[in-house]
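>>> Provide a 3D model corresponding to the input given below.
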Amino acid sequence: MMAVSMIQIVLELPDVTSIKEKRMIVVSLRDKIIRKFKISVAEIDLHDSLLFGQIGAAVVSNNRRHGEKVMQKVLGFVEDQVPGRLHDVQIHTEYFS
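As a prediction, the model looks like this:
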């Protein structure tokens, strides 16, 4: 059985003054997560919002516990890296056979 664990995070970036600046922050965060955890990450929504961004990440493993543990580590890393607040964090695992 395959388990796909996912995290979705809405980032609030109150000090950002342009979409270009927001994109630089989000892309940098995405790249850091990919390098550190070797997982799939993308900006998934709120592309045109100046103050908010949304990223999603996923990892494939053979059990829920491992995948969600990785997602919790990603969450802690994001909390340390983002110069703003996190909203609406969701961690979820789906199974496939």
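>>> Show me what the strand or helix carrying Glu43 is packed up against.
Element membership for Glu43 (DSSP states H and E) is strand 40-45. Packed against strand 40-45 by the contact rule (3 or more C-beta pairs under 8 Å, 6 or more residues apart in numbering; DSSP states H and E) you find helix 19-37, strand 52-61. Using the backbone N, CA and C atoms, a C-beta is placed for each residue, glycine as well.
>>> Check which helices and strands the first one is in contact with.
Under the contact criterion of 3+ C-beta pairs under 8 Å, 6+ apart, helix 19-37 touches strand 40-45, strand 52-61, helix 64-81.
>>> got the CA coordinates for the second one in CSV?
Coordinates of each C-alpha in strand 52-61 appear next as CSV, following Å, rounded to 0.1, in the frame of the first residue of the first chain:
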residue,chain,number,x,y,z
PHE,A,52,-1.0,35.9,1.1
GLY,A,53,0.5,32.9,-0.6
GLN,A,54,-0.3,29.2,-0.5
ILE,A,55,2.1,26.3,-0.8
GLY,A,56,1.5,22.6,-0.9
ALA,A,57,3.9,19.7,-0.4
ALA,A,58,3.7,15.9,-0.7
VAL,A,59,5.7,12.9,0.1
VAL,A,60,5.1,9.2,-0.9
SER,A,61,5.9,6.5,1.7
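>>> How about it, which residues are buried there?
For strand 52-61, the neighbour count (16 or more other C-beta atoms under 10 Å) marks Phe52, Gly53, Gln54, Ile55, Gly56, Ala57, Ala58, Val59, Ser61 as buried.
>>> from those, which is closest to Lys22?
Sorting these by distance to Lys22 puts Gly53 at the head of the list, at 6.0 Å, by C-beta to C-beta.
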